[in-house]
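Q: I would like the atomic coordinates for the input below:
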Amino acid sequence: MKKVFRLTSLAAAAASLMVAFSAGAAEFEWKLYTYFAANDKPTELHKAFAEDVYKASNERLHIKVFAAGELPYKASDVLRVVATDQVQMGDVALGYVAGDVPALNVFSMPFVCTSNDKFYDKAAPAMDADINEVLQKRFKTRSIMQFAMPQQQLWLVKPIDNVDGLKNLKIRAWNREQTDMMKLLGGSGVTITAAEVIPALQRGVVDGAFTAAVPALDWKFYEVTKMGYMMNLAPGHNLIGVNEKSLDKLPDDLRKLLLDKAAEWSPKYRQAMDEAVAHATKTLAEKGMTLVEPSAADMEKLRSVTHPMWTEWAEKNGPLARKMLDIATDACQ
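A: Have a look, this model is predicted:
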């Protein structure tokens, strides 16, 4: 048995060395960090993108993707760890790094953009130059791709007939904007960790929760909620940030390849997210959930009630925030 164990151990060690040698053969070794879990859709897309770059570069540029828990960083750290070249690339959620770049967090404003198509086709391209000016000036980092996480919806234990049914409800919110919105609508936002959401819904601690359709399916919301109020509250605005010094160190052909691949993969991210949302909403309905889109009158009320939040945010965060808000509203409204 000891002999078998030694042989097995030697074989495993040899395999590890082969993997290490293979990775080490690349001319450039990069890290990409994402705050998403290993099996989440964005992480899968990052890995596929990295693999495509590796093959297209004839194995000269190797980008290793690290998911949540694999490096000692949080979502709020990503921009800073890219800026300091601890990782060369990062999945930056602008909502999570709003403390670093508050003027870029426009899509956290409720109902500024309820269409991911308009986000991709109009808003994101129009604000790309301003985003990169901020990232380059303050963090020596640049964005090579923007993408939108699925729209946030409201999942309720008991159905409502219209937006007035939100009065006096306690809803699990995961950012300040959602809490402020619920207050304006006569309800309240409650901060609860992700692990506590399902038990809180089961025990009646909260009456509902904000999240997108994909995690609603993953977390089996159909077992604890009855209705999805499909309000398209806000998309998650993400970008792939790259450390500029690391980018500049690449030979011209590799730098061009990486940027070209980012442009090529942007629509693939979009398609994958759209397909994931379509599958999730279809499955949730099949599981017995009632999915309701707010009426035109309710959407108008939601926008009018939350519009002062937009103005307050823009005034607080200066001229660039005002410009971002104008771009978003012109593109999405």
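Q: Run through the helices of this structure in chain order.
A: 2-24, 41-56, 78-83, 116-118, 124-139, 176-184, 197-203, 213-218, 244-249, 252-286, 296-332 (DSSP state H).
Q: tell me the most buried of those helices?
A: Per residue and on average, the most neighbours among those fall to helix 78-83, with a mean of 22 (mean count of other C-beta atoms under 10 Å). Bear in mind the C-beta positions are built from the backbone N, C-alpha and C, glycine included.
Q: Go ahead and name everything in contact with it.
A: 33, 35, 73, 87-93, 96-97, 100-101, 135, 139-141, 241-243 (C-beta atoms under 8 Å, 6 or more residues apart in numbering).
Q: go with 7 Å
A: 33, 35, 73, 87, 89-92, 97, 100, 139-141, 241, 243 (C-beta atoms under 7 Å, 6 or more residues apart in numbering).
Q: Please compute how far that helix lies from its chain's middle.
A: 16 Å (C-alpha atoms, centre = their mean, to the nearest Å).
Q: what do you get for stretch 298-306?
A: That offset, for stretch 298-306, works out to 25 Å (C-alpha atoms, centre = their mean).
Q: For the closest residue to Ala213 other than its chain neighbours, give me its contacts.
A: Spatial nearest neighbour of Ala213, chain neighbours left out: Ala280 (4.0 Å); criterion: C-beta to C-beta, 6 or more residues apart in numbering. Neighbouring residues of Ala280 by C-beta under 7 Å, 6+ apart: Ala213, Val214, Ala216, Leu217.
Q: one more time with 6 Å, if that's ok
A: Ala213, Val214, Leu217 (C-beta atoms under 6 Å, 6 or more residues apart in numbering).
Q: How much space separates it from Pro308?
A: 32 Å (C-beta to C-beta, to the nearest Å).
Q: before we move on, what about Asp248?
A: According to C-beta to C-beta, Asp248 and Pro308 sit 44 Å apart.
Q: sorry, back to before: let me have the contacts of Ala280 in TSV, extended by pLDDT and distance to Pro294.
A: Shown next, in TSV, are the contacts of Ala280 (pLDDT from 0 to 100; distance: C-beta to C-beta, whole Å):
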residue	pLDDT	distance to Pro294
Ala213	96	15
Val214	94	20
Leu217	95	21
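Q: Distance to Ala68 for the helices of the chain - can I get that in a markdown table?
A: Formatted as a markdown table, the helices of the chain follow (distance: least, C-beta to C-beta, whole Å):
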| stretch | distance to Ala68 |
| --- | --- |
| helix 2-24 | 21 |
| helix 41-56 | 8 |
| helix 78-83 | 11 |
| helix 116-118 | 24 |
| helix 124-139 | 21 |
| helix 176-184 | 22 |
| helix 197-203 | 17 |
| helix 213-218 | 14 |
| helix 244-249 | 22 |
| helix 252-286 | 18 |
| helix 296-332 | 28 |
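Q: out of those, which comes closest to Ile63?
A: helix 41-56 (3.9 Å; C-beta to C-beta).
Q: Give me the angle between that closest one and helix 252-286.
A: Computed with axes from the mean of the first three to the mean of the last three C-alpha atoms, to 10 degrees, the direction of helix 41-56 lies at 150 degrees from that of helix 252-286.
Q: Looking at helix 41-56 now, give me its mean pLDDT.
A: Average pLDDT, helix 41-56: 97.
Q: How far away from the center of its chain is it?
A: 17 Å.
Q: mind saving the C-alpha coords of it as CSV?
A: Extracted C-alpha coordinates of helix 41-56, given in CSV (Å, rounded to 0.1, in the frame of the first residue of the first chain):
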residue,chain,number,x,y,z
LYS,A,41,-22.2,32.8,-15.3
PRO,A,42,-19.8,35.8,-15.3
THR,A,43,-16.9,33.6,-14.0
GLU,A,44,-17.6,31.1,-16.8
LEU,A,45,-17.5,33.9,-19.3
HIS,A,46,-14.3,35.3,-18.0
LYS,A,47,-12.7,31.9,-18.2
ALA,A,48,-13.9,31.3,-21.8
PHE,A,49,-12.6,34.8,-22.7
ALA,A,50,-9.2,34.1,-21.1
GLU,A,51,-8.9,30.8,-22.9
ASP,A,52,-9.7,32.4,-26.2
VAL,A,53,-7.0,35.0,-25.7
TYR,A,54,-4.5,32.3,-24.7
LYS,A,55,-5.2,30.2,-27.8
ALA,A,56,-5.4,33.2,-30.2
